[in-house]
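Give me a model of this one.
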Amino acid sequence: EDVPSQTFDNKDYFCGKETFPVYESIFTEEGETIRKIAIEIEKPPQIEIHVWTIRKGILHHFYVEKLSKREFEGLPYFKLITRTTLSQWKIFSEGEAQISQMCESRVCRTELEDLVKVLYLEKSEKGHC
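Sure, this is the predicted structure:
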């Protein structure tokens, strides 16, 4: 059976709020995982990339970089994973700051996974906004 896929149209709105594309890139080398979560923002037009370096389940390094859309288009490995609202992105960013401190000395795989789930919006039924 065909499962309806989520559409990623720029005109997507979630309960009247504009949504923005979120991308992810994960690669592992020499026992280290580098996970990048990126959002495409319209004003100013740029890509904000949150980079996590994870070694043996422990978050070793975390930073944010900003690129132009043109620079971002030249990067390999990013795939569109969802669309989110700016308010959900703010929750993600605040949670990320807390996790980066909390996870410097202990394994935090589930915390990082749960944080990414914040970005996924539940499609509400019409009239339930």
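
Can you classify residue 111 by secondary structure?
Following DSSP: H, G, I helix; E, B strand; the rest coil, the label given to residue 111 is helix.

With adjacent residues omitted, what lies nearest to it?
Distances taken as C-beta to C-beta, 6 or more residues apart in numbering put residue 99 closest to residue 111, at 5.3 Å, once the chain neighbours are dropped. C-beta coordinates here come from the backbone N, C-alpha and C atoms, glycine included.

buried ones in the helix or strand hosting the one you found?
Following DSSP states H and E, one finds residue 99 within helix 86-102. Using 16 or more other C-beta atoms under 10 Å as the test for burial, helix 86-102 gives 88-89, 92, 95-96, 99-100.

pLDDT added to those residues, as TSV?
Below are the buried residues of helix 86-102 laid out as TSV (pLDDT from 0 to 100):
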residue	pLDDT
88	93
89	92
92	93
95	90
96	88
99	83
100	79
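
picking up where we left off before, separation between the residue nearest to residue 111 and residue 75?
According to C-beta to C-beta, to the nearest Å, residue 99 stands 24 Å off from residue 75.

any idea which residue sits dead centre in the chain?
When C-alpha atoms, centre = their mean is applied to the chain, the residue found nearest the centroid is residue 37 (3.8 Å).

quick one, helices of the chain?
Secondary structure of the chain (DSSP state H): helices at 69-73, 86-102, 109-117.

out of these, which comes closest to residue 43?
Taking C-beta to C-beta, helix 86-102 is the member of the helices of the chain nearest to residue 43, at 10.4 Å.

other SSEs contacting the helix holding residue 99?
strand 17-18, strand 58-67, helix 109-117 (3 or more C-beta pairs under 8 Å, 6 or more residues apart in numbering; DSSP states H and E).

What is the shortest one packed up against?
Applying 3+ C-beta pairs under 8 Å, 6+ apart, one finds that strand 17-18 makes contact with helix 86-102.
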